[in-house]
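**Student:** A structural model of the following input is requested.
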Amino acid sequence: MATDSEMSLSSNQRSELSSIAQSRSLPAGYVFRAKLILMLAEGASFNTIKRRLQTSAPTIIRWKQRFLETGLDGLDTYHPGQKATVLTPALRARILSATRKKPSDGSTHWSCRKLATALGVSKDAVHRVWKEAGLKPHRLERYLASDDPEFESKAADIIGLYLRPPQHAAVFCVDEKTAIQALDRLDPVLPLSPGRAERHGFEYYRHGTLSLYAALDTKTGRVHGRTTARHTSRDFVAFLEEVLSLCSPRQQIHIILDNLSAHKTQLVRDFLQQHPRVQLHFTPTYSSWLNQVEIWFAKIEREVIARGIFTSVPDLARKLRRYINAYSANARPIQWKYSDLSRRLSTNEFTATVH
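**Tutor:** As a prediction, this is how the structure comes out:
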């Protein structure tokens, strides 16, 4: 006698359901529903079906009712999904206008999902509009504008030294990197391996600090460096003496440097009086990026200092000198290009281009 779960199937229905239930290419949900109907037709109890198919009574009831109402067509699923958002000019303008305003919840910027929820549109529509407009609310860039009233003339003077240096003269970019810490990791470094980045422990020990003076020869790209315990005006003058020793006795020397107070003391003025062939060129205020040695400082920070392990201050000095020697052995001059005099300057690791 048929149970309450039993239902009758025609031969065609049973044959098609059996074929679906044995399929390995059809969607798993479709195969599951075919097995469920076959078990109901064979008189299996709900408890048996729940145990064998790992399902629930409401699911069995739902698909039994769908099959009784529309047959095999009732086993298909149809998900119309979210209605496509039509990006009209008005909607684009609305999204762009909202993006430029701060969120009302106190956060500092919008995310795709947050703005989509606030406007009642899809996140894909917001993402598309942002991509078209080049908007990236998650990114932040910092800047510091020069307030030097002589910015243009000073910048032109320095760029002129890069592009067309005086014949037979030497041009050096000089600066100091101060308070470099000799950090020693307390935990062993775990080296990189496939699928895993190099790992450093969070704890470290400070052995002390030193300062690094560097002079970049713009013609060859070579760097002369000197480490000191401090960065006083006396140390700076001593470094200038070393730079002079790299040049022939009668060669004119042009030195590009920033406006640090240690560069403008009486000791420096006395040095310039004793060496009239040396001329200093100061970058405009807040414009040390015009100094090419800053590009090199970024390289040594990235390649030696940031992830370095130094057991002492002398160990730090030794590793800095080793890098400087290796860099200078294969150095290339930094290439600067002029393309548009009407706009300000920008730099990167290898080139500095006026856009």
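
**Student:** Domain-wise, how is the chain divided?
**Tutor:** Listed by automatic domain parsing, the domain ranges of the chain are 11-75, 89-133, 151-354.

**Student:** for the lengthiest strand in the chain, packing partners?
**Tutor:** Longest strand in the chain, counting residues (DSSP state E): strand 170-185. Under the contact criterion of 3 or more C-beta pairs under 8 Å, 6 or more residues apart in numbering; DSSP states H and E, strand 170-185 touches strand 204-217, helix 233-245, strand 253-257, helix 293-300, helix 313-329. Every residue, glycine included, has its C-beta placed from N, CA and C.

**Student:** just the angle between that strand and helix 233-245, please?
**Tutor:** Computed by axes from the mean of the first three to the mean of the last three C-alpha atoms, to 10 degrees, the angle separating strand 170-185 from helix 233-245 equals 130 degrees.

**Student:** and strand 170-185, how far out from the chain's middle?
**Tutor:** Distance of strand 170-185 from its chain centroid, counting by C-alpha atoms, centre = their mean, to the nearest Å, is 24 Å.

**Student:** Can you list the strands that that strand pairs with?
**Tutor:** Strand 170-185 sits in its sheet next to strand 204-217 (antiparallel), strand 253-257 (parallel), going by DSSP bridges.

**Student:** which parts of it are buried?
**Tutor:** Neighbour-count burial for strand 170-185 flags 170-177, 180-185 (criterion: 16 or more other C-beta atoms under 10 Å).

**Student:** quick check, distance from stretch 49-59 to the centre of its chain.
**Tutor:** That offset, for stretch 49-59, works out to 49 Å (C-alpha atoms, centre = their mean).

**Student:** in that stretch, what's buried?
**Tutor:** Ile49, Leu53, Thr55.

**Student:** Next one: Thr232 from Val268, what distance?
**Tutor:** According to C-beta to C-beta, to the nearest Å, Thr232 and Val268 sit 11 Å apart.

**Student:** shared neighbours of those two, anything?
**Tutor:** Taking C-beta atoms under 8 Å, 6 or more residues apart in numbering as the contact criterion, the common neighbours of Thr232 and Val268 are Ala262.

**Student:** The two: who's more crowded?
**Tutor:** Each of Thr232 and Val268 has its neighbours counted (other C-beta atoms under 10 Å); Val268 has more, 18 against 14.

**Student:** confidence score at the one residue sitting closest to the centre of the chain?
**Tutor:** Nearest to the mean C-alpha position of the chain, counting by C-alpha atoms, centre = their mean, stands Arg139 at 9.5 Å. With respect to pLDDT, Arg139 has a value of 93.

**Student:** In a strand, it, correct?
**Tutor:** No: applying DSSP: H, G, I helix; E, B strand; the rest coil, one finds Arg139 to be coil, outside a strand.

**Student:** tell me the strands in this structure, going along the chain?
**Tutor:** Counting by DSSP E, the strands of the chain are 170-185, 204-217, 223-228, 253-257, 278-282, 335-338, 345-347, 351-354.

**Student:** Quick check: which of those strands is nearest to Leu36?
**Tutor:** Closest of the strands of the chain to Leu36 is strand 170-185, at 60.2 Å (criterion: C-beta to C-beta).

**Student:** how about low-confidence regions in the stretch 251-355 of the chain?
**Tutor:** Regions of the stretch 251-355 of the chain meeting the criterion pLDDT under 70 cover residues 336-355.

**Student:** repeat that for 50
**Tutor:** The stretch 251-355 of the chain contains residues with pLDDT under 50 at 345-355.

**Student:** Just confirm Ala169 contacts His254, I think it does.
**Tutor:** Yes: assessed by C-beta atoms under 8 Å, Ala169 is found in contact with His254 at 6.0 Å.

**Student:** The two: which is more packed in?
**Tutor:** Just comparing Ala169 and His254: by other C-beta under 10 Å the higher neighbour count belongs to His254, 20 against 15.

**Student:** Spatially nearest residue to the more buried one (excluding sequence neighbours)?
**Tutor:** Leaving aside its sequence neighbours, His254 sits nearest to Val171 (C-beta to C-beta, 6 or more residues apart in numbering; 4.7 Å).

**Student:** Tell me who's in contact with the one you found.
**Tutor:** Neighbouring residues of Val171 by C-beta under 8 Å, 6+ apart: Leu161, Tyr162, Pro165, Asp217, Thr218, Lys219, His254, Ile255, Ile256.

**Student:** out of these, who has the most neighbours?
**Tutor:** Ile256 (25 neighbours).

**Student:** What's opposite it in the beta bridge?
**Tutor:** The partner residues for Ile256, given DSSP bridges, come to Cys173, His281.

**Student:** how far away is it from Ile158?
**Tutor:** As judged by C-beta to C-beta, Ile256 and Ile158 stand 6 Å apart.
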